[in-house]
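K.L.:
here is a sequence with its predicted model. Questions after.
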Amino acid sequence: MNYNIYDKNIAESQKIVLEKYKNPKAYVHTFGCQQNVSDSERIKGMLKAMGYDFTDKITDADFVLFNTCAIREGAELKIFGNIGELKHRKKEHPDMIIALCGCMVQQDRIIEKIKKSYPFVSLCFGTHLTHLLPEMIKNILSNGKKIFRTDGDDGTIPEYVDIKRDCEFKANIPIMNGCNNFCSYCIVPYVRGREKSRMPDDIIAEIKEAVNSGVKEITLLGQNVNSYGKNLAQPVSFAELLRKANEVKGDFIIRFMTSHPKDCTFELIKTIAECEKVSKHIHLPIQSGSNLVLKAMNRGYTREKYLELVNFAKEKIPEIAFTSDIIVGFPTERYEDFLETVDLIKQVEFSQLFTFIFSKRPGTKAAEMEDIIPSSEKSKWMNQLLEVQSEIGYKLNKKLIGRTEKILADGYGKSEEACLTGRTMQNTIVDFKGSPELIGKFVNVKITKATPFATFGELIKN
Ligand code: SAH
Ligand code: SF4
Ligand code: F3S
């Protein structure tokens with residue numbers, strides 16, 4: 001990014017924004033994954049630099065932005081519902097800018113639909129143009145012309161000077177963007193472009209800055225962190241990056257997601273074992289336990305390779321926890337395949353599963369496959385899976401009773417009997433009673449109770 005041009009655009013758009021609105025307010029809503037959350041934090045940093053304050057009420061906003069997700073049809077339908085509700089608001093406040101960005105609007109079919117059915121939307125930009133937001137707002141306010149852009153993938157990731165983090169003590173730090181894997185069901189490579197990595201020095205500088213400003217938990221983000229650095233002029237592995245991050249001085253935890261099993265190495269597992277700040281948890285999406293389905297999904301590994309990795313990790317790091325994503329009802333999946341998934345889940349004993357019913361994404365290979373299993377049948381499989389997982393989760397959580405864990409108190413718990421919550425190094429949720437002043441601090445909590453999805457504990461005075 002050319003910082004001189006960036007500064008000039010920020011200054012110019014700030015001037016126009018402040019001329020147009022008395023107290024300019026922005027409302028930014030994020031759909032989708034942590035990658036989008038992180039992009040929105042960068043967007044909010046720029047909006048702040050341009051003179052906007054933030055509001056939680058859409059009705060108070062002069063600039064409304066939805067950062068969108070395309071991962072499943074349900075996500076897109078929900079977003080369209082939200083956009084539709086803005087029609088009335090635009091009539092009341094004609095100077096308001098309604099904008100959409102992110103993965104869903106990186107698709108031409110969506111841009112066409114917005115132009116046709118949602119004429120009150122004046123700005124749509126895809127995933128490669130986020131850093132140009134100041135210039136785009138400046139242009140809209142000065143000439144009133146709508147902007148629809150999905151171009152801009154130049155193979156690099158812009159470095160941002162302005163970031164407004166949602167939480168003072170937790171930081172999402174993107175280390176890469178895009179994906180090269182083309183799993184047959186997945187839209188991400190089409191909407192995020194090819195894989196690109198940030199320079200390790202820029203990442204480490206962002207970690208240091210965050211830690212110096214009081215951050216206690218860093219999450220390194222990428223669609224496939226295990227292939228980090230492969231395309232850099234001087235290649236660096238994810239394991240090497242983790243070691244560098246672990247060397248940054250300060251009391252903080254390092255988490256990361258997502259690890260692709262195809263690129264997960266023994267070297268990475270050894271690194272996790274040796275780095276004391278790195279969370280002993282790997283989110284390692286298996287998607288299916290059947291080799292036939294894995295092949296049709298183009299995942300690039302077998303259940304045997306997956307189990308070999310898991311067993312190696314369990315041997316090296318006895319306290320390691322695994323979580324995973326599963327797709328139920330992939331078009332070529334039959335009940336026998338599904339049972340292989342159930343069997344694998346029992347063998348691995350995941351501490352948590354994120355389960356999704358297959359959703360056809362136009363443009364992907366799987367969207368062309370014949371899908372003959374009725375959705376009522378898929379729902380039955382899903383319920384069976386959730387029942388098995390619930391038993392596993394309960395068994396694992398019960399084993400934690402009696403242990404004292406160092407936890408970052410990160411907010412208010414959901415349970416009635418406890419008021420704070422946090423996660424162990426293994427990413428297990430622990431709710432406990434404690435004063436709100438503890439939020440953002442490390443505390444020691446003795447685990448006393450378990451459910452299939454969380455645990456409860458008592459604060460231990462230091
Ligand atoms: N990069 C990550 C996944 C990102 S998307 C990885 O490779 O593991 C998060 C999850 O959404 C995926 O793991 C998958 O389980 C689910 N998902 C993606 N596309 C889907 C689709 N078309 N239908 C249902 N679930 C899907
Ligand atoms: Fe999608 Fe596969 Fe890439 Fe993950 S690795 S983002 S599932 S294509
Ligand atoms: Fe959705 Fe894009 Fe993330 S499609 S899951 S927001 S990478």
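P.N.:
Perfect, thanks for sending it. Numbering: from 1, shown residues only. Ligands and ions are numbered 1, 2, ... in the order given.

K.L.:
how close does the closest residue to ligand 3 within the stretch 151-300 of the chain sit to ligand 1?
P.N.:
Among the residues of the stretch 151-300 of the chain, Val188 lies nearest to ligand 3; the distance is 5.1 Å by Cβ to the nearest ligand atom. For the C-beta atoms, the positions are set from N, CA and C on the backbone; glycine is no exception. Going from Val188 to ligand 1 by Cβ to the nearest ligand atom, to the nearest Å gives 6 Å.

K.L.:
that residue and Lys380: what is the separation?
P.N.:
Look at Val188 and Lys380: by Cβ to Cβ, to the nearest Å, they are 28 Å apart.

K.L.:
of those two, who's got more company?
P.N.:
For the pair Val188 and Lys380, the greater number of neighbours falls to Val188 (23 against 14), based on other Cβ atoms under 10 Å.

K.L.:
let me see the contact set for the residue nearest to that one when sequence neighbours are not counted.
P.N.:
Once flanking residues are discounted, Val188 sits nearest to Cys179: 5.0 Å by Cβ to Cβ, 6 or more residues apart in numbering. By Cβ atoms under 8 Å, 6 or more residues apart in numbering, the residues touching Cys179 are 186, 188-189, 192, 194-195, 223-224.

K.L.:
returning to that earlier point: okay but the residue of the stretch 151-300 of the chain closest to ligand 3 is in contact with Gly222, surely?
P.N.:
No. Look at Val188 against Gly222 with Cβ atoms under 8 Å: they stay out of range, at 11.2 Å.

K.L.:
longest single helix anywhere in the chain?
P.N.:
Of all segments of type helix in the chain, defined using DSSP state H, the longest is helix 375-399.

K.L.:
tell me which strands and helices that helix is in contact with?
P.N.:
If you count contacts as 3 or more Cβ pairs under 8 Å, 6 or more residues apart in numbering; DSSP states H and E, helix 375-399 packs onto strand 321-328, helix 335-348, strand 352-357, strand 442-450.

K.L.:
anything in it near ligand 1?
P.N.:
No. Applying Cβ under 6 Å from any ligand atom, one finds helix 375-399 separated from ligand 1 by no less than 10.8 Å.

K.L.:
next SSE downstream of that helix?
P.N.:
From helix 375-399 onward toward the C-terminus, using DSSP states H and E, the following helix or strand is strand 404-412.

K.L.:
how much space separates Pro24 from ligand 2?
P.N.:
36 Å.

K.L.:
meant to ask about Met176
P.N.:
Counting by Cβ to the nearest ligand atom - Met176 and ligand 2 are separated by 11 Å.

K.L.:
what's the answer for Ile401, then?
P.N.:
For Ile401, the distance to ligand 2 equals 35 Å [Cβ to the nearest ligand atom].

K.L.:
identify the residues contacting that residue.
P.N.:
Neighbouring residues of Ile401 by Cβ under 8 Å, 6+ apart: 447-450, 455.

K.L.:
show the pLDDT at it.
P.N.:
The model reports Ile401 with a pLDDT of 98.

K.L.:
residues in contact with whichever strand or helix holds Ala313?
P.N.:
Secondary structure from DSSP H and E places Ala313 in helix 303-316. Contacts of helix 303-316 with the rest of the structure, by Cβ under 8 Å, 6+ apart, involve 261, 264, 266, 269-270, 272-273, 282, 284, 286, 289-291, 294, 320, 322, 340, 344, 347-348.

K.L.:
looking at those, which are in helices?
P.N.:
Those of the contacts of helix 303-316 lying in helices (DSSP H): 266, 269-270, 272-273, 291, 294, 340, 344, 347-348.

K.L.:
mind checking which of these are buried?
P.N.:
With burial judged by 16 or more other Cβ atoms under 10 Å, the buried subset of the ones in helices among the contacts of helix 303-316 is 269, 272-273, 291, 294, 340, 344, 348.

K.L.:
what is the nearest of the residues you listed to ligand 1?
P.N.:
For these, the nearest to ligand 1 is Leu294 (12.2 Å; Cβ to the nearest ligand atom).

K.L.:
which residues does the residue nearest the centre of the chain contact?
P.N.:
Per Cα atoms, centre = their mean, the C-alpha nearest to the average position across the chain is that of Gln34, at 2.0 Å. Contacts were defined as Cβ under 8 Å, 6+ apart; by that measure Gln34 touches 172, 219, 221, 257.

K.L.:
just send those residues back as JSON lines, with pLDDT too.
P.N.:
Conversion of these to JSON lines gives the following (pLDDT from 0 to 100):
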{"residue": "Asn172", "pLDDT": "97"}
{"residue": "Thr219", "pLDDT": "98"}
{"residue": "Leu221", "pLDDT": "98"}
{"residue": "Met257", "pLDDT": "97"}
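
K.L.:
what residues does the stretch 351-462 of the chain have near ligand 1?
P.N.:
Residues of the stretch 351-462 of the chain found near ligand 1 (Cβ under 6 Å from any ligand atom) are 356, 358-359, 361.

K.L.:
now those residues in a markdown table, please, with extra columns for distance to Lys48.
P.N.:
Below are these laid out as a markdown table (distance: Cβ to Cβ, whole Å):
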| residue | distance to Lys48 |
| --- | --- |
| Phe356 | 35 |
| Phe358 | 40 |
| Ser359 | 35 |
| Arg361 | 34 |
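
K.L.:
which one of those residues is nearest Glu333?
P.N.:
Phe358 (7.9 Å; Cβ to Cβ).

K.L.:
okay, now that closest one: neighbour count?
P.N.:
20.

K.L.:
touching, it and Ile327? I think so.
P.N.:
Yes. When contacts are counted by Cβ under 8 Å, Phe358 is listed as touching Ile327 (5.3 Å).

K.L.:
quick check: neighbours shared by those two?
P.N.:
Tyr185.

K.L.:
which residues does stretch 152-160 contact?
P.N.:
Outside stretch 152-160, the residues that touch it by Cβ under 8 Å, 6+ apart are 1, 42, 45-46, 126, 128-132, 174, 176-177, 193-194, 196-198, 202.

K.L.:
please list only the buried members of those residues.
P.N.:
42, 45-46, 126, 128-132, 174, 176-177, 193, 196-198.

K.L.:
three-state assignment of the closest residue to ligand 3 within the stretch 1-150 of the chain?
P.N.:
Closest to ligand 3 within the stretch 1-150 of the chain is Gly32: 2.7 Å, counting by Cβ to the nearest ligand atom. With DSSP: H, G, I helix; E, B strand; the rest coil as the basis, Gly32 sits in coil.
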